[in-house]
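Asker: coordinates for the following, if possible.
(one chain, ligands or ions: 1)
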Amino acid sequence: MAQVAAEPRYAAWMSSPRLTVLGTGYLGATHAACMAELGFEVLGLDVDPDKVAQLQSGHVPFYEPGLTEVLERNLASGRLRFTTSYQEVGAFGDVHFLCVGTPQKAGEYAADLGHVDACVHALVAQLRPRSLVVGKSTVPTGTAHRLQPLIEAAGARLAWNPEFLREGFAVADTLHPDRLVIGVSDPADEATLRTVYAPLLAAGVPMVVTDFATAELVKVSANAFLATKISFINAMAEVCEVTGADVTRLSEALSYDTRIGGRFLTAGLGFGGGCLPKDIRAFMARAGELGVDQALSFLREVDAINLRRRARVVDLARELLDGSFGASRVAVLGAAFKPDSDDVRDSPALDVAAAVARQGAVVKVYDPQAMANAQRTHPQLSYADSIEDCLGGADLVLHLTEWKQFRALDPAATKQLVAAPRLVDGRNALDPKAWRDAGWTYRALGRP
Ligand code: UGA
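Answerer: Next up is the predicted model:
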């Protein structure tokens, strides 16, 4: 005990803890920069020296609106630095945030916890006694319970604090979250996290304090609910397609019921990205391990509805080309899994583009931010330098990611660029009347 009390940082850190952030992807880089913005001294770590060098020089290695400014400001203030050294992290940090990725395992539904385990093992070798490790990565329930003894053996503590930020809104979601959730096994750890999040708590952000398992479950159940909401409206779109109804009006009418609400109720090509698809699969896998697979069997249908929408866009496209892709030129607008992101993980747009190309079409893709990532994951596709280059001479246009640049296209001017004015609006984001009035054959999901 005497040795611990002599720890020089301990007296200071209940008022001003020094933070580290392990993993500098979309979540970690944003968390590090935003915690520095809140006034803390922050050290970010990544095992990739290239990423660390980029961040240290003020360059965000991915597209996230507003993040560069926060990064630059806090590097300049001296509150924020990056390193590849766990030794430096262990010596510096009072509170360590785990922000590494948990992707889907190849060929399985379960999450791959390799990065989490490697990070925790490297960290425990360097941890100072009494420091607090805070898991933010999305993990199967039971993970915190499994990691706790390892961390406590190093004299440190563990808490779980899931993250709900959306790509494209990551800075705002981190600085103004709608809630904070912390899973703790000791009130002292709650007190530490209340110090860390004091500026947000002072601004009125609600904090739910709970156990490890509930904190882990809040995260995956939130994503499962959001995925279910999207697949629900997409299932309605399937019914609309055979009844002549219009899913966009249906969704609008549902949205006025405040118990339902209109957010995440846009029918279209469905969900993709690095979170929703793999999280519902990992959740199903974990439920199976826990013997409650029946409780989540509906998520299988949520996943299936979502994937059917991609097939439906391919079918609509083929129909518009009179039954065969032949050597038709298809312009694909969008590669990112959603607008305001350069993330192409499980991108519905690229999935459709690849399927159409496999069936013989000559595909050209354009995206305002995701071109480099798309070229890396889908090198077999052709890429355009601009919207105009993409559309030029096209026999069919597929609108698959609703960037504002695409939503702002003028139907009459666009018609001048293409060989034939045929359009599938995979995101229900364009005005059908305006496009039809300009002479386009307009098709969309779930509406006439
Ligand atoms: C999602 C959650 O929204 C975040 O709360 C969570 O923190 C994050 O996952 C995560 O687990 O890290 P994100 O993956 O950034 O965030 O993307 P969303 O904005 O949720 O969109 C997901 C997909 O759903 C996109 O492909 C989007 O196009 C699609 N979507 C969204 C629809 O098809 N319809 C809608 O009405 C809304």
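Asker: need the three-state assignment for residue 442.
Answerer: strand (DSSP: H, G, I helix; E, B strand; the rest coil).
Asker: hey, what's it bridged with?
Answerer: Residues in a beta bridge with residue 442, per DSSP bridges, are residue 423.
Asker: wait, it touches residue 431, no?
Answerer: No. At 9.1 Å, residue 442 does not count as touching residue 431 under the criterion of C-beta atoms under 8 Å. Every C-beta, even on glycine, is put in place using the N, C-alpha and C of the backbone.
Asker: between those two, tell me which one has more neighbours.
Answerer: residue 442 (23 against 12; other C-beta atoms under 10 Å).
Asker: OK, contacts around that one?
Answerer: 423, 425, 430, 432, 435-436 (C-beta atoms under 8 Å, 6 or more residues apart in numbering).
Asker: gap between it and residue 208?
Answerer: According to C-beta to C-beta, to the nearest Å, residue 442 stands 45 Å off from residue 208.
Asker: returning to what we had before: just the contacts of residue 442: which are in helices?
Answerer: Among the contacts of residue 442, the members found in helices (DSSP state H) are 432, 435-436.
Asker: ok, how many other residues are close to the nearest residue to residue 244 once chain neighbours are set aside?
Answerer: Excluding its sequence neighbours, the residue lying closest to residue 244 (C-beta to C-beta, 6 or more residues apart in numbering) is residue 448, at 5.8 Å. Here the number of neighbours of residue 448 (other C-beta under 10 Å) works out to 11.
Asker: thinking again about what came up before, for PyMOL, write the selection for the buried entries among the ones in helices among the contacts of residue 442.
Answerer: Restricted to buried positions by 16 or more other C-beta atoms under 10 Å, the PyMOL selection for these reads:
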select buried, resi 432+435
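Asker: helix, strand, or coil at residue 145?
Answerer: Following three-state DSSP, residue 145 is assigned to helix.
Asker: could you find the closest non-adjacent residue to it?
Answerer: With C-beta to C-beta, 6+ apart as the criterion, residue 145 has its nearest non-adjacent residue at 5.6 Å, and that residue is residue 212.
Asker: and residue 133, helix, strand or coil?
Answerer: Under three-state DSSP, residue 133 falls in the strand class.
Asker: over to residue 405?
Answerer: Following three-state DSSP, the label given to residue 405 is helix.
Asker: most widely separated two among the contacts of residue 442?
Answerer: Taking C-beta to C-beta, the two most distant members of these are 425 and 436; they sit 11.2 Å apart.
Asker: spell out which parts of this structure neighbour the ligand.
Answerer: 138, 163-167, 223, 226, 230, 264-266, 268, 270-273, 275-276, 279, 337-338 (C-beta under 6 Å from any ligand atom).
Asker: report the buried members of those residues.
Answerer: By neighbour count, with 16+ other C-beta under 10 Å, the residues of the chain next to the ligand hold 138, 163, 165, 167, 223, 226, 230, 265-266, 268, 270-273, 275-276, 279, 337-338 as buried.
Asker: mind listing the strands for the stretch 101-250 of the chain?
Answerer: With DSSP state E, counting those that start in this stretch as the criterion, the stretch 101-250 of the chain has strands at 132-135, 157-160, 180-183, 207-210.
Asker: same thing with the stretch 301-448 of the chain?
Answerer: Per DSSP E, counting those that start in this stretch, the stretch 301-448 of the chain carries strands over the ranges 329-333, 362-366, 382-383, 396-399, 422-425, 441-444.
Asker: I'd like the ones you listed written out as JSON lines, with distance to residue 62 added.
Answerer: Formatted as JSON lines, those follow (distance: least, C-beta to C-beta, whole Å):
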{"stretch": "strand 329-333", "distance to residue 62": "21"}
{"stretch": "strand 362-366", "distance to residue 62": "19"}
{"stretch": "strand 382-383", "distance to residue 62": "18"}
{"stretch": "strand 396-399", "distance to residue 62": "24"}
{"stretch": "strand 422-425", "distance to residue 62": "27"}
{"stretch": "strand 441-444", "distance to residue 62": "30"}
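Asker: export the ones you listed to a markdown table and tack on mean pLDDT?
Answerer: Formatted as a markdown table, the strands of the stretch 301-448 of the chain follow (pLDDT from 0 to 100):
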| stretch | mean pLDDT |
| --- | --- |
| strand 329-333 | 98 |
| strand 362-366 | 98 |
| strand 382-383 | 98 |
| strand 396-399 | 98 |
| strand 422-425 | 98 |
| strand 441-444 | 98 |
